[in-house]
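A.B. asks: the following comprises the amino acid sequence and a computationally predicted model.
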Amino acid sequence: MVKISSRLSTLEESVTLAITAKAKALKAEGRDIIGLGAGEPDFDTPDNIKEAAIEAIRTGQTKYTAVGGIVELKEAIIEKFRRDNGLRFDPAEVVVSCGGKHSIYNLFQALLDPGDEVVIPGPYWVSYPAIVTLSGGVPVVVSTTEVTGFKMTPEAFSIAITPNTKAVIINSPSNPTGAAYTRAELSALAEVALTNGLLMITDDIYEKLVYDDFEFTCIASLSDEVKRSSIVLNGVSKAYSMTGWRIGYAAGPSELVGAMAKIQSQSTSNPTSISQWAAVEALNGPQDSIARMCKEFVRRRNAMVEGLNAIDGVKCPKPHGAFYAFPDVSGLYGRHGVTDSVSLAAYLLDSAGVAVVPGSAFGDDTALRLSYATSMDNVVEAIKRITEAVK
Ligand SMILES: *Cc1c(COP(=O)(O)O)cnc(C)c1O
């Protein structure tokens, strides 16, 4: 028997990916399953981006590139930060990786010593605590509820800080809640972080998916002082429906970014050359596909939130961004043998043929995460089936 490293003893497989796989397997068996577990847009990657990749293959852009990304992509990213966020970065302050998740992995490997604490507002994206732990750090979860719109207050943030705290993660709009921080809310959090000398890690992957005229703010854009203590993580997966292409990027202090590139040089080397050229086109090319996608997401969100709130025992706030509904379903516990979010998700998969992710995966056992990155027909049918099943 091979003995697996003790480092892995606490690592759990991504629950969201596991649910998606289970729903796919049931479908393959011929079961009629509606998957609301997905963490990716259901739209096709826009044609101009695909063409750029095909062109890259034809012109022989198929070899190793610079570890941290091709010059053209770094320039496109720098221009994106200037245009969208009013931020100025040098090429040495940017590193491109194999997806946003990889950027986060490199970051924590570069940043954390054993025992270093990272403040993570909960409900959180499943990979944050997992990667912090794997990197020797200690995740410190600050749980939030609907009362504060699932946002961490500066008071709650302050209380969580200890002499071992090194960084804080901001994910706005949030996966799984869709909550998004206003400029004023970010200012208040940044002040606490600056006072305590903490690095602000901002995961802006859902930046482009905001609704109802909500104005996105990147915390690093608040001031030069905040920028110096921030690292911005972003990528093309969500905004351009490019999850399979695996391109994410980070921008921040050059010593930190350089350390991230160093880890990458001894693990994956450069991100896929072809995908990098596709990402250049994504960032520099026409942006109208984003508005079309958002318009459709709003329609589905409204239908889903309305449908959920019509179910007795379910309360669902209206999220400002991303593509998830995160309803409080604790009012359903006690029915049909359901006692928690895991048993409710299992019950819905078995009796309604609807795959959702239990809130416990995100640190909130009173909720479920339902993705509306699926057709309107699926949203409507899924709500109908859930309504029937929980009666
Ligand atoms: C999807 C997602 C990412 C990045 O995904 P990649 O496919 O690795 O680019 C990062 N953070 C959050 C919160 C996400 O939901």
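C.D. replies: Cool, the structure landed.

A.B. asks: show me what from this protein comes close to the ligand.
C.D. replies: Counting by CB under 6 Å from any ligand atom, the chain comes close to the ligand at 39, 99-101, 125, 171, 175, 203, 205, 235, 237-238, 243, 248. Using the backbone N, CA and C atoms, a C-beta is placed for each residue, glycine as well.

A.B. asks: of those - the most surrounded one?
C.D. replies: Gly235 (30 neighbours; other CB atoms under 10 Å).

A.B. asks: ok, what's across the strand from that one?
C.D. replies: Beta-bridge partners for Gly235, by DSSP bridges, are Gly248.

A.B. asks: contacting residues for it?
C.D. replies: Going by CB atoms under 8 Å, 6 or more residues apart in numbering, Gly235 touches Gly99, Gly100, Ser103, Ile205, Ile247, Gly248, Tyr249.

A.B. asks: do a quick rundown of the strands in the stretch 151-300 of the chain.
C.D. replies: Secondary structure of the stretch 151-300 of the chain by DSSP state E, counting those that start in this stretch: the strands cover 165-171, 199-203, 230-235, 248-251.

A.B. asks: just want the residue of the stretch 251-391 of the chain that's nearest the ligand.
C.D. replies: Minimum separation of the stretch 251-391 of the chain from the ligand (CB to the nearest ligand atom) falls at Ala322, amounting to 7.4 Å.

A.B. asks: need the winner for burial among the strands of the stretch 151-300 of the chain.
C.D. replies: For these, average neighbour numbers computed from mean count of other CB atoms under 10 Å are highest in strand 248-251, which has a mean of 28.

A.B. asks: rounded mean pLDDT for that one, please.
C.D. replies: Strand 248-251 carries an average pLDDT of 99.

A.B. asks: helices of this structure, start to end?
C.D. replies: 15-28, 47-58, 71-80, 100-111, 127-134, 154-160, 183-195, 224-228, 254-265, 273-284, 288-309, 341-347, 376-390 (DSSP state H).

A.B. asks: among the ones you listed, which comes closest to Ser9?
C.D. replies: helix 127-134 (10.1 Å; CB to CB).

A.B. asks: about what we covered before: any chance of JSON lines for the helices of the chain, columns mean pLDDT?
C.D. replies: As requested, these are exported to JSON lines (pLDDT from 0 to 100):
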{"stretch": "helix 15-28", "mean pLDDT": "81"}
{"stretch": "helix 47-58", "mean pLDDT": "98"}
{"stretch": "helix 71-80", "mean pLDDT": "98"}
{"stretch": "helix 100-111", "mean pLDDT": "98"}
{"stretch": "helix 127-134", "mean pLDDT": "96"}
{"stretch": "helix 154-160", "mean pLDDT": "98"}
{"stretch": "helix 183-195", "mean pLDDT": "98"}
{"stretch": "helix 224-228", "mean pLDDT": "98"}
{"stretch": "helix 254-265", "mean pLDDT": "98"}
{"stretch": "helix 273-284", "mean pLDDT": "98"}
{"stretch": "helix 288-309", "mean pLDDT": "98"}
{"stretch": "helix 341-347", "mean pLDDT": "93"}
{"stretch": "helix 376-390", "mean pLDDT": "98"}
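
A.B. asks: dump those helices to CSV, plus distance to Glu117.
C.D. replies: Converted to CSV, the helices of the chain look like this (distance: least, CB to CB, whole Å):
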stretch, distance to Glu117
helix 15-28, 24
helix 47-58, 39
helix 71-80, 30
helix 100-111, 12
helix 127-134, 9
helix 154-160, 8
helix 183-195, 13
helix 224-228, 20
helix 254-265, 18
helix 273-284, 33
helix 288-309, 35
helix 341-347, 27
helix 376-390, 38
